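Asker: Requesting a structural model of the entry that follows:
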Amino acid sequence: MENGWIQRGELAATPSAVCPGTSAGWWLRWSRAQLHAWGWGRVLAHTGGEIDLAVDLGCGYGDWTARLASIARRVIAVDLSPGFVAQTRARLAGHADARVERADVRSFVDYRDATVIHLGGVLTYVEDRAALEVLTLARHRLAPRGLLHTRDWCAINLGRPSRQHRAGIDSFHRTPAQYERLARRAGLRILEVRRSASIYGEQLAPHPAVRWFPSFLWRLGTSYWTRGSVSFLFARA
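Answerer: Sure thing, here's the model as predicted:
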């Protein structure tokens, strides 16, 4: 699986590079943009904006890292792929205190007191034991009021947990409840959990007071989906 990610780092910096088994069509671009915008809004709401240290574990080509760099005094980004590391370093070239390293997120511990830790889909690609280890390491390196944001591809509605193999990479599709249990075992408490269908509705709603309606329609229209993106916000318990 390591070789699979190394090879993906040689691809062009598009969403399909970090989403094995997908094509770079309009839906992937649009849906990823909505999920990013929602997640970024929640990070800003919980942190208030300016922060000290942001850590992006499994940074890919650095699009989320660049967002974090816009509000963080210090930034640390990590990825297994040399290609992704090079792309992220190029994005952060103008940041005064940014460090991008090639490392395995399952063992990377060279930071402490992080204000925000981001795990963009990383846990989808590791087994339960490794997922618990990553969450536990992150919990111990969060600042007392730090925020952990992760988004993963989950089994939703009537979908069942499964393991799949695409583009040379294994993926583990857990239920949101399984992620919540892993987080609690790691010493984290749950701040927010939101499925992509609800997020799309919230993003499209013209006013917060009516967001429930398009979110409800999206949930209804996607009730047959067995897989979907779910965003989680955690803090230290």
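Asker: Can you give me the buried ones in the strand ranked longest in the chain?
Answerer: Criterion DSSP state E: the longest strand present in the chain is strand 142-155. Within strand 142-155, the residues scored as buried using 16 or more other CB atoms under 10 Å are 142-143, 146-155. Where you see a C-beta, it was placed from the backbone N, CA and C, and this is true even at glycine.
Asker: Which two of those residues have the greatest separation?
Answerer: 143 and 155 (32.2 Å; CB to CB).
Asker: What helices and strands are in contact with the longest strand of the chain?
Answerer: Secondary-structure packing of strand 142-155 (3 or more CB pairs under 8 Å, 6 or more residues apart in numbering; DSSP states H and E): helix 26-47, strand 114-120, helix 128-141, strand 169-173, helix 176-185, strand 188-195, strand 227-236.
Asker: who does it pair up with?
Answerer: Strand 142-155 has the following strand partners under DSSP bridges: strand 114-120 (parallel), strand 227-236 (antiparallel).
Asker: most neighbours per residue, which of those strands?
Answerer: When the strands paired with strand 142-155 are scored by mean count of other CB atoms under 10 Å, the highest mean neighbour count falls to strand 114-120 (a mean of 24).
Asker: Can you get me the centre-to-centre distance for it and its chain?
Answerer: Strand 114-120 sits 9 Å away from the centroid of its parent chain (CA atoms, centre = their mean, to the nearest Å).
Asker: same check, this time on stretch 63-74
Answerer: 14 Å.
Asker: what does that stretch rub up against?
Answerer: 13, 36, 40, 44, 47, 49-54, 56, 59, 75, 77, 88, 91-92, 95, 97-100, 115-116, 118, 120 (CB atoms under 8 Å, 6 or more residues apart in numbering).
Asker: in it, what counts as buried?
Answerer: 63-69, 71-72, 74.
Asker: Could you do stretch 188-198 as well?
Answerer: So for stretch 188-198, counting by 16+ other CB under 10 Å, buried means 188, 193-198.
Asker: Just put those residues in a markdown table and tack on pLDDT and distance to residue 219.
Answerer: As requested, those are arranged in a markdown table below (pLDDT from 0 to 100; distance: CB to CB, whole Å):
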| residue | pLDDT | distance to residue 219 |
| --- | --- | --- |
| 188 | 98 | 26 |
| 193 | 97 | 14 |
| 194 | 95 | 11 |
| 195 | 94 | 7 |
| 196 | 94 | 10 |
| 197 | 91 | 5 |
| 198 | 91 | 6 |
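Asker: ok, so of those residues, who is nearest residue 221?
Answerer: residue 197 (7.6 Å).
Asker: looking at this protein, which helix or strand is least sure?
Answerer: Using mean pLDDT, DSSP states H and E, the weakest-scoring helix or strand in the chain turns out to be helix 2-8, at a mean of 85.
Asker: Output it in CSV, but only the C-alpha positions, please.
Answerer: The C-alpha coordinates for helix 2-8 follow below in CSV (Å, rounded to 0.1, in the frame of the first residue of the first chain):
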residue,chain,number,x,y,z
GLU,A,2,2.9,2.3,0.7
ASN,A,3,4.0,2.0,-3.0
GLY,A,4,0.5,2.9,-4.1
TRP,A,5,0.6,6.2,-2.3
ILE,A,6,4.1,7.0,-3.5
GLN,A,7,2.9,6.5,-7.0
ARG,A,8,-0.1,8.7,-6.5
